[in-house]
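> have a look at this fold, sequence not included:
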Ligand SMILES: [Zn+2]
């Protein structure tokens, strides 16, 4: 009977994953949260319920998203 010439399996390498501290993530989470609120305002209310910018440019750009998210439009 022939013996196998394959190399033995290498030992698995384990890497420890260090969790990010909350103090370093919190400012970015607040920043992204504010950006999302601004985006939600422009999609949901700008040039619909309220209008901070004149014209209909914002409305045309976010019109489909407004309908997709169920905001009242027209
Ligand atoms: Zn509409």
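In hand now; what should we look at? Remember, predicted model here, so these are calculated numbers, not experimental data. Numbering: from 1, shown residues only.

> so where does whatever residue of the chain ends up closest to the ion fall, helix or strand?
With C-beta to the ion, the shortest gap between the chain and the ion falls at residue 73, namely 3.2 Å. From N, CA and C alone the C-beta is placed, and that goes for glycine too. Under the criterion DSSP states H and E, no helix or strand holds residue 73.

> for residue 40, same thing?
helix 22-44.

> name the residues of that helix that come out as buried.
Residues of helix 22-44 classed as buried by neighbour count (16 or more other C-beta atoms under 10 Å): 42-44.

> list the helices and strands it packs on?
helix 57-69 (3 or more C-beta pairs under 8 Å, 6 or more residues apart in numbering; DSSP states H and E).

> other residues contacting the helix it packs on?
42-44, 46-48, 73 (C-beta atoms under 8 Å, 6 or more residues apart in numbering).

> stretch 48-61: which residues count as buried?
48, 58-59.

> ends of that stretch, what's the gap?
Stretch 48-61 has its terminal residues 12 Å apart, counting by C-alpha to C-alpha, to the nearest Å.
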